[in-house]
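1. next comes the sequence, and after it the predicted model I'd like to discuss.
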Amino acid sequence: MEVKLTYETADGEHGHVSAFGPTYEDALAAARVLVPEGCRVLSIRT
């Protein structure tokens, strides 16, 4: 399973990360680790 996250930085810029895992929960956890510190997740796609 692949999960794609869109995040927003403190200065308003957007970025994207994606990660794979055997389950949704594993893929989501792996993707959240890739989001830079201080950013907030705006959307989650599978």
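-> Noted; the coordinates are in hand.
2. report the distance from stretch 11-27 to the chain centre.
-> Average the C-alpha atoms of stretch 11-27, do the same for its chain, and the two points are 3 Å apart (C-alpha atoms, centre = their mean, to the nearest Å).
3. go through it and flag the buried ones.
-> Of the residues in stretch 11-27, those buried by neighbour count under the rule 16 or more other C-beta atoms under 10 Å are 17, 19, 27. (Each C-beta comes from the backbone N, C-alpha and C, glycine too.)
4. nearest to residue 33, of the residues you listed?
-> Within the buried residues of stretch 11-27, proximity to residue 33 (C-beta to C-beta) peaks at residue 19, which comes in at 7.7 Å.
5. correct me, but the closest one touches residue 25?
-> No. In terms of C-beta atoms under 8 Å, residue 19 does not count as a neighbour of residue 25; the distance is 11.7 Å.
6. hang on, the earlier thing: mind putting the buried residues of stretch 11-27 into CSV with pLDDT?
-> Shown next, in CSV, are the buried residues of stretch 11-27 (pLDDT from 0 to 100):
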residue, pLDDT
17, 98
19, 98
27, 98
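7. now tabulate these in CSV and tack on secondary structure and distance to residue 42.
-> Formatted as CSV, the entries for those read as follows, by DSSP: H, G, I helix; E, B strand; the rest coil; distance: C-beta to C-beta, whole Å:
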residue, secondary structure, distance to residue 42
17, strand, 12
19, strand, 16
27, helix, 17
